[in-house]
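In: Make a model of this:
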Amino acid sequence: MLPDFGAFAIIPILMSVFFGLFFLAVLGLIIFTIVKNVQKAKAMGHDPFTLQTELAARAVDSDLLAPEHTIETRLRELDDLRVRNVITEAEYAKARSEAITAG
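Out: Residues are numbered from 1 along each chain as shown. Next up, the predicted model:
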């Protein structure tokens, strides 16, 4: 015959049920969030399985992460534009002075 522990015998059972339901609720929330994110990515025309790689590639290719242009580089670019007659002498002089004062 098992010993009688009274009202305290039900506490482990209730705790097991509570933690089991809590685990299922968290798991359901995780699955719901993943499904909604996949649906949103597809609706926006992206592949949800490659979205992180696409974003990383865009970040690497962006001007935000590009190395800063030195004054020498900018002046060489301006010289090249002038030699190729892409800009006029007046535009060259103005851009050159702006590049020097900005640097």
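
In: So what does the spatially most central residue of the chain have for phi and psi?
Out: What sits nearest the mean C-alpha location of the chain, by C-alpha atoms, centre = their mean, is residue 55, with 6.0 Å. In terms of degrees, to the nearest 10, the main-chain angles of residue 55 are phi -70, psi -40.

In: got it, and residue 62?
Out: Dihedral angles for residue 62 - degrees, to the nearest 10 - are phi -80, psi 160.

In: How much space separates the residue nearest to the centre of the chain from residue 35?
Out: To residue 35, residue 55 is 20 Å away according to C-beta to C-beta, to the nearest Å. Placement of C-beta: from N, CA and C, glycine included.

In: which of the residues in the lowest-mean-pLDDT helix or strand in the chain are buried?
Out: Least confident helix or strand of the chain, by mean pLDDT, DSSP states H and E, is helix 51-61 with a mean of 88. Buried positions in helix 51-61, judged by neighbour count with 16 or more other C-beta atoms under 10 Å: none.

In: which residues are in contact with that helix?
Out: Helix 51-61 has contacts (C-beta atoms under 8 Å, 6 or more residues apart in numbering) with 41, 46-47, 65.

In: same thing but at 7 Å, please
Out: For helix 51-61, the surrounding residues in contact (C-beta atoms under 7 Å, 6 or more residues apart in numbering) are 41, 46, 65.

In: need the next SSE after it, C-terminal direction.
Out: Downstream of helix 51-61, the next assigned helix or strand under DSSP states H and E is helix 71-83.

In: are any of the contacts of helix 51-61 buried, and which?
Out: Looks like the contacts of helix 51-61 have residue 41 buried, using 16+ other C-beta under 10 Å.
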